[in-house]
Every structure is written in structure tokens, then in C-alpha cells.
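Novice: whatever this is, show me its structure:
(one chain, ligands or ions: 1)
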Amino acid sequence: MKKEIAPETMVVDIKHLDRKGSGRAVAWRENEHGNEKKLRLTIPQTIPGEKVQVTVDRPDRKRRRAAAEEIMEASPERTEPPCPHFEKCGGCVWQHWTYSGQLRHKTEHVKKAIEWEGFNPELVHETVGMEEPWHYRNKMEFTFSPEGDMGLHEQGNFRKIIPLETCLIAGKEMVEAAMEVADWVKDHQLSGYDKDKHEGLLRHLMVRQSFATGEIMLALFATEEPEGQLKAAAEDLVSRISVKCPDVKSLLWLENTDWADRAQSEKDHLLAGRDFIYDEMAGYRFRLWFDTFFQTNPAQAEKLVELALEKGQPKETEKMIDLFCGVGTFSLPFASRVKELAGIEIVESSIESAKRNAEDNGLFNTRFLAKDARKGIDQMLEEFGIPELLLLDPPRSGAGGKVMRRIGRAKPERIVYVSCNPDSFATDLKELEPFGYTLKEVQPVDLFPHTYHVELVAVIERENG
Ligand SMILES: C[S@@+](CC[C@H](N)C(=O)[O-])C[C@H]1O[C@@H](n2cnc3c(N)ncnc32)[C@H](O)[C@@H]1O
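Specialist: Residues are numbered from 1 along each chain as shown. Have a look, this model is predicted:
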């Protein structure tokens with residue numbers, strides 16, 4: 001019979017963080033043959049430099065995850081997490097860390113990422129943080145448990161839901177509106193969806209709010225249509241929301257019977273209002289549907305747009321391309337400063353929205369192409385010509401070698417790279433080097449306080465004509 005390995009309690013030093021912001025430590029332990037073996041530990045909610053006590057189950061394995069039972073030596077940057085859900089909730093990972101400590105670490109992360117690819121870390125400025133880093137998110141997605149509780153997932157456990165009581169990063173009115181829906185679910189004894197059995201009614205509640213216009217959207221994802229017995233419940237939701245949350249300008253019931261656990265819709269039912277809300281950023285108006293990508297921290301995103309304008313120096317004689325343009329967050333402010341602008345984006349509804357947003361804002365010097373950037377970039381360069389200025393804001397995975405080399409061959413004078421992942425940014429940057437481009441500066445911006453994410457704006461210029 002195999003020998004059972006007992007859990008072991010040990011004190012370890014947190015050396016650095018993993019990519020998701022958890023502490024990393026190494027312990028050497030003797031195995032049954034008397035040999036020292038390395039055990040790599042991942043310990044959430046710790047800070048480099050701390051000494052912590054953990055109890056590790058199956059310590060004979062090479063890697064284990066463990067919770068800190070006691071902080072034996074605390075970092076001077078440790079602070080009391082203000083949210084009662086913090087220990088368990090997967091929404092924030094760094095509330096135990098002072099905000100200045102988080103910002104310092106984010107700057108270090110960006111420096112290390114570019115240095116790893118051979119670029120000068122001194123080109124990286126200090127991260128631009130928020131004055132008040134709470135209630136900054138304009139979009140949240142809550143999940144229902146099979147019992148009908150609504151909230152965020154427990155950290156590292158996609159099966160467990162922490163019922164929503166408060167959320168310190170979401171907009172306050174969004175939380176109030178979400179709590180109304182949670183109460184309505186309980187009053188009507190509606191079931192939540194069980195992803196293992198693929199049964200139950202309610203899957204997710206997406207709430208989005210414009211901090212500029214005040215408008216709120218509530219989108220309920222359910223496995224059935226709001227008909228038959230559900231019709232009266234849906235009508236009750238409409239009347240409750242209209243009384244308690246007058247800022248809700250869009251109330252949607254979205255059918256999703258798919259096995260995949262994503263907030264997607266097969267059939268949309270508009271319960272009340274419009275199927276979109278209006279938002280504003282940097283003085284421009286945007287229509288947002290439930291599936292439209294829009295920056296989730298509008299205050300900091302506005303700083304990002306201002307930085308991109310300041311660093312990109314658009315001129316009215318110039319042409320410009322906006323790659324990965326979404327609904328036109330950067331396209332619109334740039335379009336009003338250049339002669340012509342072309343945008344590419346893979347999501348068709350975002351491109352439709354970008355076109356309409358340009359029109360709504362009186363901009364008629366734009367064109368938008370709904371295509372994978374890897375395929376669309378050639379077509380765009382052929383039809384539009386070579387721009388003096390190119391801005392790209394790819395997803396976390398980066399733009400990739402093919403797109404970067406195509407940009408390099410096209411030889412735009414200036415490139416503004418907006419990135420939400422310093423590592424893929426650095427890899428992409430490397431691809432431009434053979435084409436004579438030089439990195440001028442990198443400005444990190446904190447769009448996601450209390451999480452490990454960091455955004456940046458970089459300026460890259462062509463040196464040799
Ligand atoms: C970080 S977002 C930036 C969007 C926009 N610049 C903004 O600030 O709202 C990245 C965008 O790239 C789009 N995208 C992802 N993969 C793509 C691809 N292969 N080709 C073109 N667009 C893509 C996404 O749909 C998303 O809108």
C-alpha cells in the first residue's frame with residue numbers, strides 16, 4: 001500500500017510574485033530516502049520580502065499552492081484589506097498591499113519585461129495611479145450559483161460563488177442595481193445554473209454603467225426565454241427596476257443554452273429601454289451594447305487617451321491607422337486631429353459601433369474594417385496607403401510577429417503601442433528592431449488597482465528615414 005504523506009507546516013520567504021500576483025517561495029525538504037528536494041510554493045496574498053507560515057498538503061510534490069496561515073515578518077507595505085470579501089473573492093488579489101506598493105511593483109514589472117528583451121529599463125516612467133483607487137470599474141459580471149446566489153467566484157474555485165454584499169472596485173450604483181436583481185431572484189425562488197449538470201435558469205448578470213452619463217445596463221443571461229411562467233417574473237423585474245433604479249436605461253434578458261460558460265447570447269429579449277447605453281470618453285460619445293468591449297476604468301482610460309495623443313503628436317496633414325480599434329476609443333480623438341484615419345478590429349459589432357460613433361461625433365474622415373488584424377493589415381495598407389502614425393492596442397496575447405513585421409516593412413514614422421501586457425509588448429517590440437525602430441519611452445498607467453494588471457503607452461520611432 002502506498003504510504004500516506006502527512007501535511008507539513010513550514011516557514012518560508014516570499015521571493016517574488018507569479019504572473020497572477022501571488023507570492024512565490026521555495027522550500028527544501030528531505031524525502032523518505034534522505035535527499036533534499038525542492039518544493040516550489042505559490043502563496044496568494046503575500047508580498048515579496050515577507051516570511052510566512054504555511055501548511056502544505058502533499059509536500060512531496062514539486063509544486064504546491066498554500067494559504068499563508070500566519071505572517072511571521074510582514075512587509076512595511078502590508079495593509080488591512082478594506083473589503084470583507086477579500087480573503088476569498090477572486091475579484092481583487094492585492095488589497096493587502098498599500099496602493100503605493102502596488103504601483104511601485106507595476107513599474108518594476110514593466111521595467112523587467114522590457115529589460116528581458118534587451119531594452120533599456122530607464123525608458124520606463126513611474127506608473128500613473130489613481131487618486132482614489134476604489135469604485136473604478138464600469139462593468140461587472142456576476143455569476144449565479146445553482147442555489148440562486150449571485151456574486152463573484154471564489155479565488156481559484158470556479159464552482160464556488162461568494163454571494164454579493166458589497167464590491168469596492170465596482171461603481172456603487174451598479175452594485176445597488178445588481179443587489180436589486182439578487183433580491184428579485186430570491187423573491188421569485190428562481191434557480192441558478194449548474195454547470196456540471198447543465199440545468200437551472202440563471203447564469204450571469206452583467207452590469208455596465210457610464211460614469212459620464214449615469215446610464216446603467218443590466219443584462220441577465222438565462223437558459224430559457226422570459227415566456228410562460230417566467231413572463232410574470234420578468235415583468236416584476238421591469239417594474240421593480242423602474243422604481244428602484246431609474247438610471248437603468250437598458251434591461252436585457254439574453255438566452256444562452258450553450259455548455260460553454262461564457263456570457264454570450266443566442267437570442268436577445270429587450271425587457272425595457274434601449275439595447276445599448278450611451279457613454280462618453282475624452283469628450284466623445286459612444287454607444288455600448290452588452291457585448292461591446294469598452295475600457296473598464298474610464299477615469300484612467302481617459303488618461304491613457306490623453307497620453308497617447310500627447311506622445312503620438314497627430315498632425316492634420318497625416319494619415320493614421322488604429323489597429324485593434326474596438327469601438328474607436330482612440331480612433332475618435334485621433335481622427336479629429338489627423339487628415340484620415342483607418343481602424344481594424346476583429347469583432348464586427350464593435351466595427352459597426354465604431355462607424356456609428358464616428359458619425360455621431362461628426363467625424364467623416366474615418367474608415368473601419370472588420371477583420372483579423374493579421375489578415376486585414378495588408379488589405380488596409382494597400383487601400384489606405386502608408387500612414388505616418390500607427391497606433392496599436394492589441395489583446396493580452398499581443399499583436400504577434402506577423403503583424404509587427406508587416407508594420408516594420410510598412411515603415412510608419414511613429415508608432416504608439418498601448419498594451420495591457422508588458423511581456424507580450426516586449427516580445428512584439430523586439431520584432432520591430434530589425435526595421436530601424438527605437439523605443440523612446442514607456443508610460444505605465446494603472447487601470448486595475450488591487451489587481452496585478454498594468455497598462456502602458458509606449459512611443460516607438462523610426463530612426464533612419
Ligand atoms: C485591448 S482591446 C482595445 C480596444 C480599443 N483600442 C479600446 O481601447 O477600446 C483589444 C481589441 O482587439 C480586438 N482583437 C482581438 N484579436 C484581434 C485580431 N486578431 N484582429 C483584430 N482585432 C482583434 C478585440 O476585439 C478588442 O476590441
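Novice: from here on, contacts and neighbour counts on C-alpha atoms
Specialist: OK.
Novice: so residue 219 touches residue 203, yeah?
Specialist: No - counting by Cα atoms under 8 Å, residue 219 sits too far from residue 203 to count as a contact (10.7 Å).
Novice: the two: which has the busier surroundings?
Specialist: residue 203 (29 against 25; other Cα atoms under 10 Å).
Novice: element containing that one?
Specialist: Element membership for residue 203 (DSSP states H and E) is strand 202-209.
Novice: the ligand contacts on the stretch 351-465 of the chain?
Specialist: Residues of the stretch 351-465 of the chain lying close to the ligand by Cα under 6 Å from any ligand atom are 371-373, 393-395.
Novice: buried ones only from the residues you listed, please, as a ChimeraX command.
Specialist: Here is the ChimeraX command that picks out the buried ones among those, judged by 16 or more other Cα atoms under 10 Å:
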select :371,373,393,394
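Novice: restricted to strands, list the residues of the stretch 351-465 of the chain next to the ligand.
Specialist: Under the assignment DSSP state E, these contribute nothing to strands.
Novice: Throw the residues of the stretch 351-465 of the chain next to the ligand into CSV and include pLDDT, thanks.
Specialist: Conversion of these to CSV gives the following (pLDDT from 0 to 100):
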residue, pLDDT
371, 97
372, 97
373, 96
393, 97
394, 97
395, 95
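Novice: pLDDT value on the spatially closest residue to residue 150 that is not a sequence neighbour, please?
Specialist: Distances taken as Cα to Cα, 6 or more residues apart in numbering place residue 144 nearest to residue 150, at 4.4 Å, with adjacent residues excluded. If you check residue 144, the pLDDT there is 96.
Novice: count the neighbours of residue 144 for me.
Specialist: 28.
Novice: separation between it and residue 350?
Specialist: To residue 350, residue 144 is 28 Å away according to Cα to Cα, to the nearest Å.
Novice: also residue 265?
Specialist: According to Cα to Cα, residue 265 stands 16 Å off from residue 350.
Novice: higher neighbour count, the two?
Specialist: The residue with more neighbours, out of residue 265 and residue 350, is residue 350; 24 against 19, by other Cα under 10 Å.
Novice: just say helix, strand or coil for the more buried one.
Specialist: On the three-state scheme (DSSP: H, G, I helix; E, B strand; the rest coil), residue 350 is labelled helix.
Novice: spatially nearest residue to it (excluding sequence neighbours)?
Specialist: Per Cα to Cα, 6+ apart, closest to residue 350 is residue 327, 4.9 Å.
Novice: and for residue 34, the neighbour number?
Specialist: Close neighbours of residue 34, defined as other Cα under 10 Å, add up to 8.
Novice: likewise residue 146?
Specialist: For residue 146, using other Cα under 10 Å, the count is 23.
Novice: that one reaches residue 193, doesn't it?
Specialist: Yes - contact criterion Cα under 8 Å: residue 146 and residue 193 qualify, at 5.0 Å.
Novice: so what sits against both of these two?
Specialist: Residues touching both residue 146 and residue 193 (Cα atoms under 8 Å, 6 or more residues apart in numbering): residue 200.
Novice: alpha carbons of stretch 362-375, as PDB, please.
Specialist: C-alpha atoms of stretch 362-375 as PDB (Å, rounded to 0.1, in the frame of the first residue of the first chain):
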ATOM      1  CA  GLY A 362     -19.400  64.400 -36.600                       C
ATOM      2  CA  LEU A 363     -16.200  62.700 -37.900                       C
ATOM      3  CA  PHE A 364     -16.300  61.800 -41.600                       C
ATOM      4  CA  ASN A 365     -12.600  61.100 -42.200                       C
ATOM      5  CA  THR A 366     -12.600  57.600 -40.900                       C
ATOM      6  CA  ARG A 367     -12.900  54.100 -42.300                       C
ATOM      7  CA  PHE A 368     -13.200  50.800 -40.400                       C
ATOM      8  CA  LEU A 369     -12.500  47.300 -41.400                       C
ATOM      9  CA  ALA A 370     -13.900  44.200 -39.500                       C
ATOM     10  CA  LYS A 371     -11.100  41.700 -39.900                       C
ATOM     11  CA  ASP A 372      -8.400  39.800 -38.100                       C
ATOM     12  CA  ALA A 373      -5.500  42.200 -38.000                       C
ATOM     13  CA  ARG A 374      -3.200  39.500 -39.300                       C
ATOM     14  CA  LYS A 375      -5.200  39.300 -42.500                       C
END
